[in-house]
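**Student:** model the following, please.
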Amino acid sequence: MTDSCLSGLRVIDASRVLAGPYCAQILGDQGAQVIKIESPEGDETRSFGPAVTEGGAAYFQALNRNKRGIVLDMGRPEAREVFWELLAGADVLIENFKASTLRSWGIEEPAQITARFPRLIHCRITGFGDDGPLGGMPGYDAAVQAISGLMSINGEPAGGPLRMGVPIVDLTTGMQAAIAVLSALHERARSGRGQMCDLALYDCAIGVAHPYLPNYLWSGKEPERTGNGHANIAPYDAFDTATCAIYIAVGNDRQFAALCAQLGKPALASDPRFCGNIDRVAHRAELTAELDALLRGCDGRELAGRLQRAGVPAAPVLGIAEVARDAHARHRGMVIDRDGYHGSGFPIKFSRTPSRLRMLPPKRGEHTREVLQQAGLDPSRIESLDKSGAFGRAG
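**Tutor:** Modelled structure (predicted):
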């Protein structure tokens with residue numbers, strides 16, 4: 001097997017819950033050597049049920065493959081000393097410690113970590129950053145969806161704000177964090193210097209409020225919820241058919257003309273109300289009524305396939321169980337059922353250095369001794385640490 005893209009990169013994942021672990025897993029999937037550090041209680045997502053194995057809940061399993069796991073009770077000075085020793089040999093640190101926790105360790109400012117380890121890429125993930133009016137405040141995905149405006153633009157027009165079904169803020173932050181780490185590593189190759197990457201859930205949430213925030217900044221008009229529709233494009237919505245709901249996503253006039261032809265009403269594309277996207281957005285209600293009437297008697301799946309072949313982006317609205325069984329999802333390797341692991345696959349496909357499942361998600365503390373031995377700690381010191389409770393239990 002050819003080395004993976006990030007083979008040889010050493011990452012300490014001292015984060016918990018979602019954004020940080022997801023970032024570390026992205027790096028691990030590309031071959032980085034990731035060491036996950038947990039408290040004696042363990043990452044709380046191990047109990048975000050349903051629990052499926054002794055290793056923890058499916059939620060935890062989905063965020064922690066391709067990592068080795070150790071336990072350190074960071075409340076103990078001797079455990080923190082081990083932590084600093086691990087950082088001395090690491091390229092990347094990913095953490096989401098509270099600022100007050102760092103201060104209790106004698107770290108007044110997070111920047112002191114890269115001052116101590118000049119080549120380290122320190123990826124710090126917080127809810128709102130460490131300063132400013134909300135600096136240091138706790139941030140979980142749904143609360144940040146609320147305060148960032150994302151909930152306000154999600155939901156049906158006649159309904160209230162609605163939380164997005166996936167933890168979009170955490171996932172976005174994890175991806176942005178991975179981009180930040182790789183960017184900083186690229187810069188380090190030129191300068192020889194590490195730096196801190198400051199990632200806040202709040203910032204990442206506002207960063208993906210597209211196109212609603214730009215629309216407001218340019219127009220001064222408060223956005224409204226559009227349900228399944230698109231604020232700037234029409235037709236771009238879910239429609240009922242005789243058999244199932246389908247989503248039709250028309251992005252240009254050529255696609256709209258093809259849609260009308262497939263629905264047996266080509267003249268609709270030359271209707272002055274619908275000639276261009278701006279016209280279609282302005283007459284959205286009339287266009288929706290026309291399409292509803294044409295789609296009502298169609299077989300949704302058959303029509304979606306026919307539209308796709310005609311160059312019109314369209315798809316049946318599937319449930320998760322259907323996706324898990326879907327032939328194309330399986331063909332693309334996006335569902336993994338292997339070696340006792342069940343999860344989503346690797347979205348990035350490299351031609352020479354493919355992502356792969358190298359390690360199952362670790363049991364709590366599974367690799368503590370192995371990792372510390374490889375870090376150069378002699379067996380007597382490891383025994384002493386164990387007896388002191390540095391691994392979460394007094395001997």
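**Student:** any stretches of the stretch 251-395 of the chain with poor pLDDT?
**Tutor:** Segments of the stretch 251-395 of the chain classed as low confidence (criterion: pLDDT under 70) are 394-395.
**Student:** show me what contacts the residue lying farthest from the centre of the chain?
**Tutor:** Each residue of the chain has a distance to the centre, and by C-alpha atoms, centre = their mean the biggest one is for A267: 43.4 Å. Contacts here follow C-beta atoms under 8 Å, 6 or more residues apart in numbering; on that basis A267 touches C260. For the C-beta atoms, the positions are set from N, CA and C on the backbone; glycine is no exception.
**Student:** SS state for it?
**Tutor:** When states are read from DSSP: H, G, I helix; E, B strand; the rest coil, the local structure at A267 comes out as helix.
**Student:** if I look at it, how far off is V208?
**Tutor:** For A267, the distance to V208 (C-beta to C-beta, to the nearest Å) stands at 39 Å.
**Student:** before we move on, what about C5?
**Tutor:** As judged by C-beta to C-beta, C5 and V208 stand 25 Å apart.
**Student:** tell me how many other residues crowd T126.
**Tutor:** By other C-beta atoms under 10 Å, 26 other residues sit near T126.
**Student:** looking at the closest residue to it other than its chain neighbours now. What's its pLDDT?
**Tutor:** For T126, the nearest residue in space outside its immediate sequence neighbours is A200; the separation is 5.4 Å by C-beta to C-beta, 6 or more residues apart in numbering. Predicted confidence (pLDDT) for A200: 98.
**Student:** for burial, what's the neighbour tally of A200?
**Tutor:** Neighbour count for A200, taken as other C-beta under 10 Å: 24.
**Student:** which ones are touching it?
**Tutor:** With the criterion set at C-beta under 8 Å, 6+ apart, A200 makes contact with I125, T126, G127, F128, G129, G139, T173.
**Student:** wait, doesn't the fourth one sit right on L134?
**Tutor:** Yes - counting by C-beta atoms under 8 Å, L134 is a contact partner of F128 at 4.0 Å.
**Student:** looking at those two, which is more packed in?
**Tutor:** The residue with the greater number of neighbours, taking F128 and L134 and applying other C-beta under 10 Å, is F128; the counts read 19 against 15.
**Student:** per-residue pLDDT, that one?
**Tutor:** F128 is assigned a pLDDT of 97 by the prediction.
**Student:** how near is it to L102?
**Tutor:** Taking C-beta to C-beta as the measure, F128 and L102 are separated by 16 Å.
**Student:** before we move on, what about E370?
**Tutor:** Look at E370 and L102: by C-beta to C-beta, they are 28 Å apart.
**Student:** those two - which one has more neighbours?
**Tutor:** Between E370 and L102, L102 has the larger neighbour count (other C-beta under 10 Å), namely 18 against 11.
**Student:** find me whatever residue is spatially closest to A234, sequence neighbours aside.
**Tutor:** Computed as C-beta to C-beta, 6+ apart, the closest residue to A234 that is not its neighbour in sequence is R280, at 4.1 Å.
**Student:** isn't the one you found right next to T288, touching?
**Tutor:** No - using C-beta under 8 Å, R280 is not in contact with T288; the gap is 9.9 Å.
**Student:** need the overlap of contacts for those two.
**Tutor:** Taking C-beta under 8 Å, 6+ apart as the contact rule, R280 and T288 both touch P235.
**Student:** those two: who's more crowded?
**Tutor:** More neighbours surround R280 than the other of R280 and T288, with 22 against 16 (other C-beta under 10 Å).
**Student:** residues in contact with stretch 354-372: which ones?
**Tutor:** Taking C-beta under 8 Å, 6+ apart as the criterion, the residues outside stretch 354-372 that touch it are 1, 4, 28-31, 35-36, 38, 42, 46, 54-56, 60-61, 63-71, 82, 86, 336, 338-341, 346, 348-349, 382, 385, 391-392.
**Student:** same thing but at 7 Å, please
**Tutor:** 29-30, 35-36, 38, 42, 54-55, 60-61, 64-71, 82, 336, 338-341, 346, 348, 382, 391 (C-beta atoms under 7 Å, 6 or more residues apart in numbering).
**Student:** tell me the buried residues within those.
**Tutor:** With neighbours counted using 16 or more other C-beta atoms under 10 Å, the contacts of stretch 354-372 contain these buried positions: 29-30, 35-36, 38, 42, 55, 60-61, 64-71, 82, 341, 346, 382, 391.
**Student:** so which of those residues sit within helices?
**Tutor:** Among the buried ones among the contacts of stretch 354-372, the subset assigned to helices under DSSP state H consists of D29, F60, Q61, V82, I382.
**Student:** nearest to A315 among those residues?
**Tutor:** Within those, the smallest distance to A315 is 26.6 Å, found for D29 (C-beta to C-beta).
**Student:** quick check: that closest one touching N66?
**Tutor:** Yes - the pair D29 and N66 qualifies as a contact (C-beta atoms under 7 Å) at a distance of 5.6 Å.
**Student:** hmm, L199 and G139 touching each other?
**Tutor:** No - G139 sits out of contact with L199 when judged by C-beta under 7 Å, with a separation of 11.3 Å.
**Student:** in the stretch 201-350 of the chain, which spans are helices?
**Tutor:** Here the stretch 201-350 of the chain has its helices, by DSSP state H, counting those that start in this stretch, at 201-207, 212-219, 253-262, 277-282, 284-295, 300-309, 320-325, 327-331.
**Student:** reformat those as TSV; add distance to V144.
**Tutor:** Converted to TSV, the helices of the stretch 201-350 of the chain look like this (distance: least, C-beta to C-beta, whole Å):
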stretch	distance to V144
helix 201-207	5
helix 212-219	15
helix 253-262	35
helix 277-282	30
helix 284-295	31
helix 300-309	35
helix 320-325	24
helix 327-331	29
